[in-house]
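J.: sequence plus the predicted model coming up.
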Amino acid sequence: RNQMGLLIAGEAVQLNLWRQGRQVQIGVNLDAMNPDRVTGRSLARQLDGVELETFREEGKSLAVRIVRLQNDSLAYRSGLRPGDLIIAANRFRVSDVESLQKALGLSRAVVLQILRGDATFYIQIR
């Protein structure tokens, strides 16, 4: 297990797995972590099933975009949709994934200000 942590992004590795009682070998290319793209669960349990990324325009971080969303997730049922831009969370302006993480902090509540097309509105996820 520790050997995986010592590998460098871009390296190719062979993994041996057991599937249905048989050993299978697969090749995997390691990719670098992208701090501008995260799973929602890593930020707050209410965002489980959401994939987010920093939204940039002309090189400037402006918001956090919903990239993917599971249809059965709490966030989807609360009204979030792919392509939505999060511009504030819990009354704090957000411009990137890091500022969203800080805004959510340890709060149990998740109140997001969303920009969808020309409309701006709030969504509370419980």
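T.: Cool, got the structure.

J.: quick one, longest helix in this structure?
T.: Assignment by DSSP state H gives helix 97-104 as the longest helix of the chain.

J.: mean confidence for it?
T.: Averaged across helix 97-104, pLDDT comes to 93.

J.: what's the angle from the next helix or strand after it to helix 97-104?
T.: As assigned by DSSP states H and E, the chain's next helix or strand after helix 97-104 is strand 110-116. Counting by axes from the mean of the first three to the mean of the last three CA atoms, to 10 degrees, strand 110-116 lies at 140 degrees to helix 97-104.

J.: looking at this protein, which strand is longest?
T.: strand 60-69 (DSSP state E).

J.: keeping just the C-alphas, turn that one into CSV.
T.: Taking Å, rounded to 0.1, in the frame of the first residue of the first chain, the C-alpha atoms of strand 60-69 are listed here in CSV:
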residue,chain,number,x,y,z
LYS,A,60,-9.7,34.7,-13.3
SER,A,61,-11.5,32.5,-10.7
LEU,A,62,-15.1,33.6,-10.5
ALA,A,63,-17.3,30.8,-9.0
VAL,A,64,-17.6,27.1,-8.5
ARG,A,65,-19.4,25.2,-11.2
ILE,A,66,-21.4,22.0,-10.8
VAL,A,67,-19.8,19.6,-13.2
ARG,A,68,-21.8,16.4,-12.5
LEU,A,69,-24.6,15.5,-10.2
